[in-house]
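Asker: starting from these lines, generate the structure:
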Amino acid sequence: MEHKSDEELLAEHLAGKPGAFDTLVARYIDGLFGFFQRFVGNAAIAEDLVQETFLQVHLSAGAFDPTRSFKPWLYTIAANKARDHMRARGRRPAQSLDIATGDAEGPTPGARVEAPEPPLREQLDELEQAEQVRAMIAQMPEHLRLILILGYYERLPYAEIAEILGIPVGTVKSRLHSALNYFGRMWLAHTRNAARG
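Answerer: Here you go, the predicted structure:
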């Protein structure tokens with residue numbers, strides 16, 4: 001089933017074929033977890049939101065338009081779950097006690113400690129910097145944080161982001177540019193403050 005398209009798997013799931021939905025989940029669970037963890041800043045909440053998203057996919061599978069691509073539809077559901085969660089808790093991101101999640105920013109701390117290179121000091125510096133990046137992203141306005149995660153971390157094409165967020169491609173480009181500038185200003189201010197301290 002691995003070679004089948006997402007859309008074929010969803011159709012098979014609707015037809016009652018065992019394992020089709022499990023294959024879809026296996027394809028996207030890690031990516032969705034990374035998306036939610038970056039957005040809400042908390043691994044436990046991210047896990048809950050992944051489950052809620054796949055439950056919604058299961059419940060709404062019959063409403064999926066087979067002429068569309070599955071991935072933007074999935075991330076539309078995920079983005080709505082993320083925004084609903086943030087609104088429900090007053091728009092403040094949770095601060096995670098997790099040091100790292102093993103996502104695209106690098107291996108988990110355990111994997112780093114096992115590796116003989118680079119030296120421990122360099123590893124700790126990298127972990128600290130990753131935490132600072134996560135904290136800054138968590139402080140960004142919701143619309144900029146969301147588009148930065150979709151465009152930069154998830155590396156989704158502009159057209160898919162436009163579909164997910166329901167905005168024109170031109171708006172995706174300008175908003176992503178604004179998000180990168182916003183983050184850049186935050187990082188510059190952070191490095192200046194660190195240099196003074």
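Asker: contacts and neighbour counts: CA atoms only from here.
Answerer: Fine.
Asker: can I see the domain layout of the protein?
Answerer: Here the domain parsing of the chain from automatic domain parsing is 1-94, 119-197.
Asker: would you turn those into a markdown table with mean neighbour count and mean pLDDT?
Answerer: Listed next are the domains of the chain as a markdown table, based on neighbours: other Cα atoms under 10 Å; pLDDT from 0 to 100:
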| stretch | mean neighbour count | mean pLDDT |
| --- | --- | --- |
| domain 1-94 | 17 | 90 |
| domain 119-197 | 16 | 88 |
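Asker: could you pull out the helices for this structure?
Answerer: With DSSP state H as the criterion, the chain has helices at 6-14, 20-40, 43-60, 70-88, 109-114, 120-139, 142-148, 158-165, 169-196.
Asker: alpha carbons of the first one, as PDB, please.
Answerer: Extracted as PDB, the C-alpha positions of helix 6-14 are listed here (Å, rounded to 0.1, in the frame of the first residue of the first chain):
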ATOM      1  CA  ASP A   6      -2.900   9.500  -0.500                       C
ATOM      2  CA  GLU A   7      -6.100  10.000  -2.400                       C
ATOM      3  CA  GLU A   8      -6.200   6.300  -3.300                       C
ATOM      4  CA  LEU A   9      -5.600   5.300   0.300                       C
ATOM      5  CA  LEU A  10      -8.400   7.600   1.500                       C
ATOM      6  CA  ALA A  11     -10.800   6.100  -1.200                       C
ATOM      7  CA  GLU A  12      -9.800   2.600   0.000                       C
ATOM      8  CA  HIS A  13     -10.500   3.600   3.600                       C
ATOM      9  CA  LEU A  14     -13.900   4.900   2.600                       C
END
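Asker: same for it, what does it pack against?
Answerer: Helices and strands touching helix 6-14, by 3 or more Cα pairs under 8 Å, 6 or more residues apart in numbering; DSSP states H and E, are helix 20-40, helix 70-88.
Asker: just checking, what packs against the first one?
Answerer: Helices and strands in packing contact with helix 20-40 are listed as helix 6-14, helix 43-60, helix 70-88, helix 120-139; criterion 3+ Cα pairs under 8 Å, 6+ apart.
Asker: these two touch, right, Pro168 and Glu160?
Answerer: No - counting by Cα atoms under 8 Å, Pro168 does not reach Glu160; the two are 10.4 Å apart.
Asker: just to revisit the earlier point, can you put the helices and strands packed on helix 6-14 in JSON lines and add distance to Ala194?
Answerer: Shown next, in JSON lines, are the helices and strands packed on helix 6-14 (distance: least, Cα to Cα, whole Å):
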{"stretch": "helix 20-40", "distance to Ala194": "23"}
{"stretch": "helix 70-88", "distance to Ala194": "30"}
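Asker: for Leu14, find the nearest of those.
Answerer: helix 20-40 (9.0 Å; Cα to Cα).
Asker: just the CA atoms of stretch 20-27, as PDB, please.
Answerer: The C-alpha coordinates for stretch 20-27 follow below in PDB (Å, rounded to 0.1, in the frame of the first residue of the first chain):
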ATOM      1  CA  ALA A  20      -5.500   2.000   4.300                       C
ATOM      2  CA  PHE A  21      -6.100   4.600   7.000                       C
ATOM      3  CA  ASP A  22      -3.200   3.300   9.100                       C
ATOM      4  CA  THR A  23      -0.900   3.800   6.100                       C
ATOM      5  CA  LEU A  24      -2.100   7.400   5.700                       C
ATOM      6  CA  VAL A  25      -1.500   8.000   9.500                       C
ATOM      7  CA  ALA A  26       2.000   6.500   9.200                       C
ATOM      8  CA  ARG A  27       2.900   8.800   6.300                       C
END
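Asker: I'm done for today, thanks for sticking with me.
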